[in-house]
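A.B. asks: no sequence on this one, just coordinates:
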């Protein structure tokens, strides 16, 4: 089962980019000692039972209240499932995180997207209870999406709450040595942090390369190695996320949004937005208003 869960196609779900599961009865579908690559960043929390698998060279032996982040593209081998295994599992794409995170939480959580090593923590009862409640909150919001009755603002708030709690847990339980990054990872985090601060005003690769004292080619090479995306695409995703947030507030005229995002005029902003979303800004705003009315 774990193979199917961590490799689900996130683009085909009711909430694009997010999958969350509460597994009350784990059914073994993946053969023991079968190896596979993990396609999605996944964060797993054990409620009861025992679960043993290997990530790269490290064997992870999980029991009740254990939390583990499984990095994207990890090489995994299922070794053993004992007793009545129950667990919570959330997987999400970087695009979903960019579109749904408040800026501070996004910056704080960047290391989850770039870190290549898994991290396991045995939680105290109180921290397990809080985190499991947040899993349940996101799960029931996700269920509402399937019934076409969905509060997007609640989705955003609950997801940020999840990242905030996760960051608190890692700060509380891990030593600084466990949070060290390679030079490539550090450069990528510096770029993503700079992007979060300046994406409204700065749209060029050369600006971010200059800010980090590297060449545009080198920055693009390293960031692509770490995130699997070119710098320009990450810049575009950040601008689109900012544009959507502004368009969802009807008090801002589109011409003002274009100015806020440093486009020369509303027309160029509209062309850019439609190129990457298939909607004009006006169409996206109208769809958002209709969506709110139908709640």
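C.D. replies: Looks like it came in fine. Just so it is clear, the model here is predicted, and its values are computed rather than measured.
A.B. asks: buried ones in stretch 9-23?
C.D. replies: Buried residues in stretch 9-23, counted by 16 or more other C-beta atoms under 10 Å: 10, 13, 15, 17-21, 23. All C-beta atoms are positioned from the backbone trio N, CA, C, and that covers glycine.
A.B. asks: out of these, which comes closest to residue 99?
C.D. replies: Within the set of the buried residues of stretch 9-23, residue 17 lies nearest residue 99; the separation is 7.6 Å, counting by C-beta to C-beta.
A.B. asks: which parts of the stretch 101-250 of the chain are helices?
C.D. replies: Ranges of helices in the stretch 101-250 of the chain, per DSSP state H, counting those that start in this stretch, are 103-108, 110-114, 125-146, 152-173, 183-198, 205-211, 216-227, 231-247.
A.B. asks: now distance to residue 94 and mean neighbour count too, for those, in TSV please.
C.D. replies: Shown next, in TSV, are those (distance: least, C-beta to C-beta, whole Å; neighbours: other C-beta atoms under 10 Å):
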stretch	distance to residue 94	mean neighbour count
helix 103-108	10	17
helix 110-114	5	21
helix 125-146	17	16
helix 152-173	13	17
helix 183-198	10	18
helix 205-211	17	17
helix 216-227	7	18
helix 231-247	8	20
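A.B. asks: nearest to residue 60, of the ones you listed?
C.D. replies: Of all the helices of the stretch 101-250 of the chain, it is helix 152-173 that lies closest to residue 60, at 15.6 Å by C-beta to C-beta.
A.B. asks: now the closest one against helix 125-146, angle please.
C.D. replies: 160 degrees (axes from the mean of the first three to the mean of the last three C-alpha atoms, to 10 degrees).
A.B. asks: can you give me the angle helix 152-173 makes with helix 231-247?
C.D. replies: Counting by the same axes, to 10 degrees, helix 152-173 lies at 130 degrees to helix 231-247.
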